[in-house]
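Visitor: Sequence first, then the predicted structure, then my questions.
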Amino acid sequence: MTIPYDTFAQVDIRVGTVVAADEFPEARKPAYKLTIDFGPEIGVKRSSAQLPANYRREALIGRQVAAVVNFAPRQIGPFISEVLVLGFPDSTGAVILAAPDKPVANGGRLF
């Protein structure tokens, strides 16, 4: 199925820097609660991300990630996830983060 570019352009994918990564023991699948700085236009947002299989919590701090910032917030257990952090499955189905390979300004939009 193909879509017009205008449809893709409606999905707002931005880069941000993880400023905090907390345990999320209430999650059904192993996950962290991330706090991500998307710069002055978007601000700081939170997300639940299923990353423990490939990432230590401490290693996420300062790392840039790509996320969809214009989906409606989603309730995940007792936590509200405001953005969708993007990734790809590894050979076992665990998440590998999608991120720029060089530092960019927080809030930069994917095009």
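Guide: Perfect, I can see it now. Please read all numbers here as calculations on a predicted model, not as lab measurements. Numbers count the residues shown, from 1 in each chain.

Visitor: Just give me the longest strand of this structure.
Guide: Among the segments of the chain that qualify as a strand by DSSP state E, the longest is strand 13-23.

Visitor: Sort out which residues of it are buried, please.
Guide: Judged by neighbour count using 16 or more other C-beta atoms under 10 Å, the buried positions of strand 13-23 are 13-18, 21. Bear in mind the C-beta positions are built from the backbone N, C-alpha and C, glycine included.

Visitor: Need these in CSV (columns: distance to residue 87).
Guide: Compiled in CSV, the buried residues of strand 13-23 are given as follows (distance: C-beta to C-beta, whole Å):
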residue, distance to residue 87
13, 12
14, 15
15, 14
16, 14
17, 16
18, 13
21, 14
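
Visitor: of those, closest to residue 107?
Guide: Closest approach between these and residue 107, by C-beta to C-beta: residue 14, at 5.6 Å.

Visitor: ok, and residue 96, which helix or strand is that part of?
Guide: strand 95-97 (DSSP states H and E).

Visitor: May I have the residues that are in contact with the closest residue to residue 84 other than its chain neighbours?
Guide: Once flanking residues are discounted, residue 84 sits nearest to residue 68: 4.3 Å by C-beta to C-beta, 6 or more residues apart in numbering. Residue 68 sits next to 11-13, 83-84, 86 when contact means C-beta atoms under 8 Å, 6 or more residues apart in numbering.

Visitor: buried subset of the residues you listed?
Guide: When those are checked against 16+ other C-beta under 10 Å, the ones flagged as buried are 13, 83-84, 86.
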